[in-house]
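K.L.:
no sequence for this one, just the structure:
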């Protein structure tokens, strides 16, 4: 455990302190993994590298701000256990990413091969039996499961005071059921060609907003024993800012600079992602320009040329979909910030959450 | 929660009581799932049906016997919470089965389509976009994850007395890390053509014995606050009987009657499963009959004819591999039963565990 002094000093360096918690947790698992042998140790190492490579620690930071914003004292004796519990969110995220990359058939993540691709390469390099890709998927499923099991070990074993743990546990449960629901909805909507605004909004709500901002803040607030009004304010902020964050991400997925987003230009269009942006465009095109609606429906999710991508971009602008999404980002951000401002959260947390809201919804890249 | 009376009466009907706990748990999740919509509700339903269709409840029964065998009183106020905690093992098992069926590319399980195959069929029947099999795998991964998350919700939310929960938690953690290690080892050994006895033994130890018998018993004993000697006796029993159970299963996978095992004849040979049975055969053939060793290595894991399967069966008998495995089953069973007999477990638990050992290691089918 970190000394309380370290945590106080680390207010600015929260992501570093969170990585430190994760590192200690991985060390604590070594005695369980070692008897099963070097192959399993290699998997645990790969998982640890994958998690420790991550940087922003968005979910643990929101959880921590939920706690200090509800009066949690970083110099109190329970602070180290709270930091551990917050850090455990990164292991749920590791499972989500590893399994999502299998589901989406993604080869790279932030410049590195995805976990299942790495295992497939290991299989191929070792000249093993059977299909390397199938092996990669199998080992990736198991690695994601391990991250999920360890998230629980870390959260429930954080040493939270009994009452804090009891309050936080239903939030933890709800968050996991919700994010899996969002993932499920995401694949169903894509498969069933459901271009409705309602479905796109629901995915943003459950796959991103609840999981990334609302429930982490709620978790921290629950640990601190915040009252219902403050929890409700945090949840409103979390839902609004979380959805706005996803909408910004959707715009970047179509218009972003590949050098800055790390994704090929127009990637979301080629993948056929059913975003609110696209739903707005389809709704407007259906009403006013049926031939454009037909073109969009046919084109999305196919192997688009650079020219096609440019055409679609222009359409999204001309149909007013981009403006509609920008407007919604702005409305949501205002609503989220108002809920925060009118809450009884501590001034310092208000300030930090205000800054985070601006950062995630107005990302420059 | 069941009334204590119900539990006492249900001693014979333990699997029924366990199913009742699972059913109640699924009902408790409805409020979390419903807001995410009908697609997610359908997944939750499918998972519930999958779990409730299972019958023997081997792991929860061992956990319960670990508890009553350590002096846990089925008429005490905490008994219902112990039953809930024991029943949660079925949800870990659901995740293991659903993900394993994806990993093994299995189409059926106990006469029903596997979960990912069911989702693929739903995709195909709905004439959705994209590849039905890929959709099935994606939805199967998410369903397994949901089972894993819910296992934790059920275990940690069972309402165990604080001290019991604190004692049981490290056992719960170890069990999950171990079973995932066993699964990982299983796919690595098959891919790398590792026919060693050592690896086969390790897989039996972690994928089956620890997970199916040893840790469930340990979990129950830990809940009851058993002393180290009794826990050690249960673990010896669990390891020995669990491995013997797997060895019996391996024999049935090659020699079993398909009508009774529910698997095609010689299925394990076609699948290329690296069993101790096969490792014994290879070791003996290497020493005495190199041309048979070569034949076995080439044949295993290929699309064998009925004639090939018969040839391999004869070889396994002639090489003495079958005798060696039968001998080991017998030695392990004796050792496990001796540990039980010499322990301070209650007489009634001794009797039931004795019976279960005979049932799982001498299955008639």
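P.N.:
Received, thanks. None of the values given here were measured: they were computed from a predicted structure.

K.L.:
Contact partners for residue A:284?
P.N.:
Residue A:284 makes contacts with A:319-321, A:324, as judged by Cβ atoms under 8 Å, 6 or more residues apart in numbering or on different chains. Quick note: C-beta positions are derived from backbone N, CA and C, even for glycine.

K.L.:
Helices - which of those residues land there?
P.N.:
Among the contacts of residue A:284, the residues falling in helices (DSSP state H) are A:321, A:324.

K.L.:
List buried residues within the contacts of residue A:284.
P.N.:
Using 16 or more other Cβ atoms under 10 Å in any protein chain shown as the burial test, those include A:319, A:321, A:324 as buried.

K.L.:
what's around the residue of the stretch 101-250 of chain A found nearest chain B, how many residues?
P.N.:
Shortest the stretch 101-250 of chain A-to-chain B distance, computed as Cβ to the nearest Cβ: residue-wise this is residue A:181, at 3.6 Å. Counted by other Cβ atoms under 10 Å in any protein chain shown, the residues lying close to residue A:181 total 30.

K.L.:
What of residue A:129?
P.N.:
14.

K.L.:
ok, now the one 5 residues further on?
P.N.:
When neighbours are defined as other Cβ under 10 Å, residue A:134 has 18 of them.

K.L.:
hang on, the earlier thing: distance to chain B added to the buried ones among the contacts of residue A:284, as CSV?
P.N.:
Putting these into CSV (distance: Cβ to the nearest Cβ, whole Å) gives the following:
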residue, distance to chain B
A:319, 23
A:321, 22
A:324, 24
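
K.L.:
so can I have JSON lines of the residues you listed showing pLDDT?
P.N.:
Shown next, in JSON lines, are these (pLDDT from 0 to 100):
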{"residue": "A:319", "pLDDT": "95"}
{"residue": "A:321", "pLDDT": "96"}
{"residue": "A:324", "pLDDT": "96"}
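
K.L.:
Got the confidence number for the residue of the stretch 101-250 of chain A closest to chain B?
P.N.:
In this model, residue A:181 is scored at 97, pLDDT.

K.L.:
Kindly report the same for the one 3 residues further on.
P.N.:
Model confidence at residue A:184, expressed as pLDDT, equals 97.

K.L.:
which residues does it contact?
P.N.:
Residue A:184 makes contacts with B:36, B:39-40, B:43, B:139, B:142, as judged by Cβ under 8 Å, 6+ apart.

K.L.:
Of these, which is the most crowded?
P.N.:
Neighbour counts for these peak at residue B:139, which has 28 neighbours (criterion: other Cβ under 10 Å).

K.L.:
quick one on the thing from earlier: hmm, residue B:38 and the residue of the stretch 101-250 of chain A closest to chain B touching each other?
P.N.:
No: checked against Cβ atoms under 8 Å, the pair residue A:181 and residue B:38 is beyond contact range at 11.4 Å.

K.L.:
State the distance from residue A:34 to residue A:44.
P.N.:
9 Å (Cβ to Cβ, to the nearest Å).

K.L.:
same question, residue A:338
P.N.:
Distance of residue A:338 to residue A:44, given as Cβ to Cβ: 45 Å.

K.L.:
With neighbour numbers in mind, choose between the two.
P.N.:
A count of neighbours by other Cβ under 10 Å puts residue A:44 above the other of residue A:338 and residue A:44, at 22 against 14.

K.L.:
can you tell me which residues contact the residue in the stretch 1-150 of chain A that chain B sits nearest to?
P.N.:
Nearest residue of the stretch 1-150 of chain A to chain B (Cβ to the nearest Cβ) works out as residue A:36 at 3.6 Å. Neighbouring residues of residue A:36 by Cβ under 8 Å, 6+ apart: B:178, B:181-182, B:184-185, B:202, B:206.

K.L.:
so where's chain A uncertain?
P.N.:
Scanning chain A for pLDDT under 70 picks out the ranges A:1-12, A:363-365.

K.L.:
From residue A:23, how far out is the residue nearest the centre of chain A?
P.N.:
Nearest residue to the geometric centre of chain A (Cα atoms, centre = their mean): residue A:212, 5.0 Å. Plainly put, residue A:212 is 23 Å away from residue A:23 if you go by Cβ to Cβ.

K.L.:
Kindly report the same for residue A:39.
P.N.:
From residue A:39 to residue A:23 the distance is 22 Å (Cβ to Cβ).

K.L.:
Please apply the same query to residue A:233.
P.N.:
Per Cβ to Cβ, residue A:233 is found 34 Å from residue A:23.

K.L.:
which one of those two has more residues nearby?
P.N.:
More neighbours surround residue A:233 than the other of residue A:233 and residue A:23, with 23 against 14 (other Cβ under 10 Å).

K.L.:
Identify the residue nearest the more buried one in space, chain neighbours excluded?
P.N.:
Nearest non-adjacent residue to residue A:233, counting by Cβ to Cβ, 6 or more residues apart in numbering or on different chains: residue A:343, 3.5 Å away.

K.L.:
show me the residues around the one you found that make contact.
P.N.:
Residue A:343 touches A:229-230, A:233-234, A:237, A:350, counting by Cβ under 8 Å, 6+ apart.

K.L.:
Could I have the ChimeraX command that selects the buried members from the residues you listed?
P.N.:
Selecting the buried subset of the contacts of residue A:343 in ChimeraX, with 16+ other Cβ under 10 Å as the burial test, is done by:
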select /A:230,233,234,237,350
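
K.L.:
a markdown table for the contacts of residue A:343, including secondary structure?
P.N.:
Below are these laid out as a markdown table (DSSP: H, G, I helix; E, B strand; the rest coil):
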| residue | secondary structure |
| --- | --- |
| A:229 | helix |
| A:230 | helix |
| A:233 | helix |
| A:234 | helix |
| A:237 | helix |
| A:350 | helix |
